[in-house]
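Enquirer: Build the 3D model from these lines:
(4 chains)
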Amino acid sequence: MNLALAAIPGLPMLSATLLILFGRQIPRSLGAVLGAGSVGLSAVLVAGQLLAYLDTPTVVTATLWTWMSVADFSAAIAFHIDGLTVVMMSVITGVGFLIHVYSVEFMWEDESFSRYFAYMNLFVGSMLLLVMADNLLLLFLGWEGVGMCSYLLVGFWYKNPANGAAARKAFVVTRVGDALMALGLFVLFTDLGTLDIQPLLLAANLNWEVGGTVPVLATALLLGGAVGKSAQLPLHTWLPDAMAGPTPVSALIHAATMVTAGVYLVARLHGLFLLAPATLTAVAWVGLATLLLAASAALVQQDIKRILAYSTISQIGYMFLALGVGAFSFGIFHLMTHAFFKALLFLGAGAVSHCLHHELNIFRMGGLRTRLPVVFLSFLIGSAALAALPFTAGFYSKDGILLSAFTAPGIGPWLWAGGLLGALLTSIYSFRLLFVAFFGEAQTEPDRKPGLPMAIPLLILCALSLLGGLISQPLDGVLPDAGHPQVPHLIEWISIGVPLLGVAYAYYAYIVRRPSSSPAEAGGDSPVEGFLFAGWRVDALYNLLLVTPYRTLARWCQGEPIDHFYNGVVSLNRLCHRGLAALQTGELRWYATTFVIGLIAVVAIVLRSAP
Amino acid sequence: MTPSADFSLIMPVIVLGVGATAVMLQVAARRSPELTRFSTLLVLIAALASSVWIGSPEPGIGQAVTPLLQADDMARLFAALFCASAALCVMLSRDYLPGLSDQGDEYYLLLLLATLGAVVLAYASHVASLLLGLELMSVALYALIAYPSRVAPAAEAATKYLVLSGGASATLLFGFALLYAATGSLAFPEIGAGLQSATLGSAVTAIATVLVITGVCFKLSAAPFHLWTPDVYEGSPAPVTAFLATVAKAAPFVALIRFLFDAQLFDLPGVVEVLGVLAVLSMLVGNLLALLQRNVKRMLAYSSIAHIGYALIIFTVAADPVNRALAGEAAVFYLVAYVPTTIAAFGLLALVNPGGEGQDHAEVQDLSGLFWRDPMLAILMLVALLSLAGIPLTAGFIGKFYLFAAAVSGSHWVLLAALVLGSAIGIYYYLRVIFQMSQKPAEHELTWTMDGGMRAVALLLTVAILGLGIVPQALMEYIRGMF
Amino acid sequence: MSLSLLIFLPLLGGVAAWLAERVNPDLPRWISLLTCLLVLLVLTSSGLSALADPASSQWLLYSQTDWIPRFGISFELALDGFSLLLLVLTFVLGLIAVAASWSEVEERHGFFQANLLWTLAGVAGVFLAMDLILFFLFWEVMLVPMYLLIAIWGHENRGYAAMKFFIFTQVSGLLMLLAIVVLAWQGAALTGKLSFSYGDLLGLDLPPELAFWLMLGFFLAFTVKLPGFPFHTWLPDAHTQAPTAGSVLLAGILLKTGAYGLLRFTVPLFPEASQTLAPVAMLLGVAGIIYGALLAFAQTDFKRLVAYSSVSHMGFILLGVYAFNELALQGAVMQMVTHGVSTAALFMMAGALQHRLHTRDMRKMGGLWQQAPRMGACAMFFVLASLGLPGLGNFVAEFLVLLGLFAVAPWMTAAAAVGMVTAAIYALWLMQSAFQGQPDDDRQMADFGVREMTTMAVMMVALLWMGLYPQPILDLAAPAVQSVSNLLPANTLVAGVAP
Amino acid sequence: MDGLLIPLEHVLLVAGILFACGLGGLMLRRNLLFMLMSLEVMLNSAALAFIAAGARWQEADGQVMFLLVLTVAAAEVAVGLGLVLQIQRRYRTLDMDAVTRLQE
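Expert: Numbers count the residues shown, from 1 in each chain, chains lettered A, B, ... in the order given. Alright, predicted model coming up:
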């Protein structure tokens, strides 16, 4: 059993190593087979696990070797497969495999083809390690592994320094989150004595009292880590810039898998969070604030990928909202459905840029409805699911979240109202993109059509985005059962109606009153649009508060200020030397005088101490 | 200690005295520098042999031979050391001399007489013998320093040395006279005994002792009286400087040890403070002066001031009788380690300036690239400098360790601080020379050839310095018996 | 017998290498390679055989002969798991240093290899010596050949750098000598027998005030060598000006002698005094981490950046040692080994770049990945190792240090965790400015050859192995670490640093 | 006669004053010859002190020491005068302030 489980992350890792070592020698086709094949194989293995779990839902654990054991701390390379893990694994390998097939065509002309697939496989391997880990240390290994792969992939086209800067920004901001999470691990170990997840949850229930300082501190730090990795407020600024990488990368990393790691962490450790209600509400508020900020920012973006990036941030905000109100299963459900339609949208955007020789500004597209039918279909279904129109996958999951938010005690209705506003904005910007890019007269002619390897994944994802809502996740027993929230029918109808309202407004704004060609400068004309365009200028704030001070401090200290002290000592010595050397005049009479002075001094010492 | 007439105990003095007269007669008979050098070497080796084998008194307390001389292990050790150093200086001046002047004979004779004076000093335990030994050595040195007659600085150096050390000797004598007036006796042990019934009051006796200390400290070039040292060392020929910096310093030091230890003058008011001040001052002034010095001879002169400062520490430690034995041991070992190191350093300058008309090229630049031009000499200089700096595996380190041990046993924190600070400053200028030696050789006119004899001298010195650093145990046991 | 062999073999090897130069200039390299391999053979065989039988005493191997009985100084060598670990690291890095300078040294090969081997002999002596004076002897002696390495084969500003390196270590060494002598005399007063042996001087109940000063003497010497925060300014100069092999030795093993000294001498000899100094030492550690990272980011010279990264990494060791619990101490030991490997690799990289581009200035580099993909891949690996990516050795070390430290000083751990972020900043900046960005195409540069790739591969495998399966190293160091951590009541909140 | 007629302190005082004059001469006089002379004065003052001490303790040692000091002084002056000739030949002057080729 160990070998089968180990093979799941092992295969992509192995193929990554092979690609790194022999990437230059092997032909592209073999590279593609190796890259996509390995993920495919592990997808098959995961499917096996899924089926096995569905008929007999038993937890499967496997220990490969003890990673390290010092004094009373020990961590092993061990896997723990339960319902939640199986769902996550299937999402990762399923969507991952589709994206790999898609990238085979997308990256075919790129000169470092094998390096791309090496990084992608490494990423899938690390993500699988993250979700399968039995203890938090192995989870942390996967956690930082995916961070590294995101850095490598965002900065994949390293020749352009801007991509390098975006990659570095992504890594450093997520690393801030990782540092917080590491501190969280230290609190957990110091207080509870272990990092293995299951024993940890038991120990927490035993000797943590609800709302105590240690639980809140530990969970807050873990939340810090989750916020960093899942690009939530305040550590979200890296995701929009991370679009510098190839589009399939954004599809895999910045939509389907890595950014959901934070959600998985909170879901996996829900036992701890339940013991710290303060943190749980914090999670909800973070989710709400992020979804509103991101949705508003997405309204005015012009680059197709930045719209989707902000949309991802806002959708994960919904997942955090779900977790915050205790609807963990709905959070995971939304995670799955979001993976389907956001991957669909990103791959569609990839196809658009692939066919329009890297054009990304939606205002310079237009009229693609007739030229790229498959892409139009995928965008139509994707946007519908994103806006949570009825009968799409998004509807079931987002609706569940909104309703369970409403039933939350105390601040529930406020959360629901915020979520609703978010849903409105979401439907507006998603259909804005659809109408501007695919309707109206064409401005740039696509020079080619997406081939089969790109089309098939799109179609599969379209199907999943539509029917995804019907999948029932085998989560009972792993996560507390949220059940179907009882809510007055009026609230239900409002939750369903608002997205349609958004679509209508978008239709009116962008089809009926067709705006002139793209607004003059990127930020749009009015100062409000400029403010939203720059993501509420959070980036500028961080530059002002953190980045520029650090750089100026570094420039001041470049000349090693501490050396001034040592140079001072040296010059003191030189001064004494010159002073004494001046006595050596060479005149005999002066030497005799110094002899006499010395004699007198010595006699004086004697007289002074004589009684 | 009844003075016995067993003169065999002071055989080295006798051998040297008779030897010197024999060499004089030989020079009168036939003048040839080679012959004179050979006979001088013969005498020195004979004296060395005699001090090692003949007349070894029962270990420990030693025996007074006539009230003037005290034949004990310390005297025998230093007699041997002085004869050996003199022999080395003779060998070093073999290629150095031809350039000086045609009559080389008197040079070796003077060296022999100076060694005799030094050995007498090693045995002296009476004012008269101290005076005789000291003056015999000094006068011989005046002539040696001024030996290169065609060179102006030599004469200047000799004059300065003469006038100033004359003044110092006068001070020394005046001190002894006062002491004699106070205690009524001239032999060191009796002075100590006579202190209780001192007629002149402790203040005057203290001043007298301090006068003596000043006189001797001038000869040792301790700090306030050090100004003459660099000029004399730079002006005189390299082998003579080697002799001057080693034997001419160790001999008075041994006499001072014997004088202060036997005469128990430490408890006089102010004596210990004076010795402490001199030590600290010498350590700091010596090192600071040498810091940026371009001329190697002047740098080594200042370094010798510093080393005398380190050695003077033992007197402050010896003030307390409990630590006196360890202090004495430390002093003896330090001197024994100091002598070969300094001879090696100055000797190298002699070897590098053959046939010089007395004006040596001794700039640091002249030594650049020595590692690659002559590895043997470079290793000698490297080992000597590391020993001066007190880096382990060299005799200097064991000597410095001894000083640390002595000062710690008396917990003299101020002295220890000065010792640490001094050696810290010291590292810089020793390393500067090593760095220059390791760089690419700059083109300059210093060229020299090394034949078998000179290589043997260099090898002997290197082995001596490293040997004392690596296996000092035998010497330590011997020294331990002295106190 | 085999212990003194570990010291004399490189010594004799050095002499042989120097003499062999006259025979033909390529011979010295092979001699030093052979010597290192031979010593490694002796080390592993004697180490393994000692590990096999459960040693009764604390030492795996022990040998003692009288040297200066007058002061109770003896030629006492001892080997335990901890020093075995460091010795293996020493001679492996010795091999790597020889490989690094295979083609780089143009003139005077014999003397170069001789100095290389003598430095190794000195460092081996430091790790084996159990008599304090013998330890001091090797502590000073290892400096001389290293000084010559920098002074003769260094780059443009080698005089200043070599001088600064020597003086910093030597002066602090003098303070240590003073502390050793005072400690021995105090021991003689208490036990009646004057001896400098480590065993006799352990566990003396010294008056606390004196113990503090003695501990300070030891602490200063080792923190200057570590290098700890305010005393580190010699490191960047020495590393930048040293030849590649010199930097590899300097960073790989000479810094570890400072850490070894802290763990073997400062804490066990003066437990209570170390306890009082712990908050200050930890503060210096944290300051070292952040200050080192900040300055690393500010550098434009490739080697200087890597040098400052070493200052930052060494800050973790200071934290680990002064947290006094087994976790942190194991982390510190781990950091010594992994930092040795990762920094040695980065310095080899720097040396290779300087050898090819004749400059260390990163502003003149850029886009090297294009011309030298293999070198770029290696650089990426080691940069990620040095910023502490989990799965590689450095992470295990830093994680253990911080994990152990948290129980003792939570606020310090939080500050040190900032080090994780700043490390990422300078490490990725190094990658960006040297290997990524726009390449200027008219520069042709040879990629890594087979020899360089094998050394890099060895180090990569070592780091991966230490990252994924560090248990053998942890078990090897466990006895020594436990003996230190049992001295002090573990997990006591250090005064004044409670959360 | 029993020893010293005049008290010892007086003689020592005279010797001390004489010694001080010698030192003063050494410092003030520029010509080398006069320096040698003041050197002699100092040595004789020491010898006088010895004589006085010898008389006080009624031992011949004082006078023996006087003879030794005399011989030593003579030897020194002999070499000193030799050097005076050298300095005159090399530096064309005896003014020691001009003879400063050896300096820092």
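Enquirer: For the stretch 501-611 of chain A, which segments count as helices?
Expert: A:527-533, A:538-542, A:548-557, A:563-581, A:588-609 (DSSP state H, counting those that start in this stretch).
Enquirer: Low-confidence ranges, the chain, go.
Expert: If you meant another chain, say so; for now it's chain A. Confidence mapping of chain A against pLDDT under 70 gives the ranges A:1, A:482, A:514-525, A:611.
Enquirer: sorry, should have said chain D
Expert: D:1-3.
Enquirer: I'd like the helices of the stretch 501-611 of chain A as CSV, with mean neighbour count appended.
Expert: In short, each C-beta sits where N, CA and C put it, glycine included. Supplementary listing: those in CSV, determined by neighbours: other Cβ atoms under 10 Å in any protein chain shown:
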stretch, mean neighbour count
helix A:527-533, 15
helix A:538-542, 15
helix A:548-557, 13
helix A:563-581, 13
helix A:588-609, 18
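Enquirer: and those helices as CSV, adding distance to chain C?
Expert: Written out in CSV, the entries for the helices of the stretch 501-611 of chain A read as follows (distance: least, Cβ to the nearest Cβ, whole Å):
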stretch, distance to chain C
helix A:527-533, 27
helix A:538-542, 13
helix A:548-557, 4
helix A:563-581, 5
helix A:588-609, 27
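Enquirer: Of these, which is nearest residue B:219?
Expert: Proximity to residue B:219 (Cβ to Cβ) singles out helix A:588-609 among the helices of the stretch 501-611 of chain A, at 11.9 Å.
Enquirer: which SS class is the residue of chain C most remote from its centre?
Expert: Summary for chain C: using Cα atoms, centre = their mean, the residue whose C-alpha lies farthest from the chain's mean C-alpha position is residue C:442, with a distance of 39.6 Å. The local conformation at residue C:442, judged by DSSP: H, G, I helix; E, B strand; the rest coil, is coil.
Enquirer: in the chain, which helix has the most residues?
Expert: All of this refers to chain A. Under DSSP state H, the helix in chain A containing the largest number of residues is helix A:161-192.
Enquirer: looking at chain D here, not the other one
Expert: Scanning chain D for the longest helix, with DSSP H as the assignment, gives helix D:61-91.
Enquirer: host element of whichever residue of the stretch 201-350 of chain A sits closest to chain C?
Expert: Shortest the stretch 201-350 of chain A-to-chain C distance, computed as Cβ to the nearest Cβ: residue-wise this is residue A:217, at 8.9 Å. With the criterion set as DSSP states H and E, the secondary-structure element containing residue A:217 is helix A:213-229.
Enquirer: Buried residues in that helix, which are they?
Expert: Burial within helix A:213-229, assessed by neighbour count using 16 or more other Cβ atoms under 10 Å in any protein chain shown, is assigned to A:214-229.
Enquirer: now do stretch A:194-203
Expert: With burial defined by 16+ other Cβ under 10 Å, the residues of stretch A:194-203 counted as buried are A:194, A:195, A:196, A:197, A:200, A:201, A:203.
Enquirer: Show me which residues of the stretch 51-200 of chain B sit near chain D.
Expert: With Cβ under 8 Å from any Cβ of the partner chain as the criterion, the stretch 51-200 of chain B meets chain D at residues B:127-128, B:131-132, B:135, B:138-139, B:142-143, B:146, B:149, B:152-153, B:155-160, B:162-163, B:166-167, B:169-171, B:173-174, B:176-178, B:180-181, B:184-186, B:199-200.
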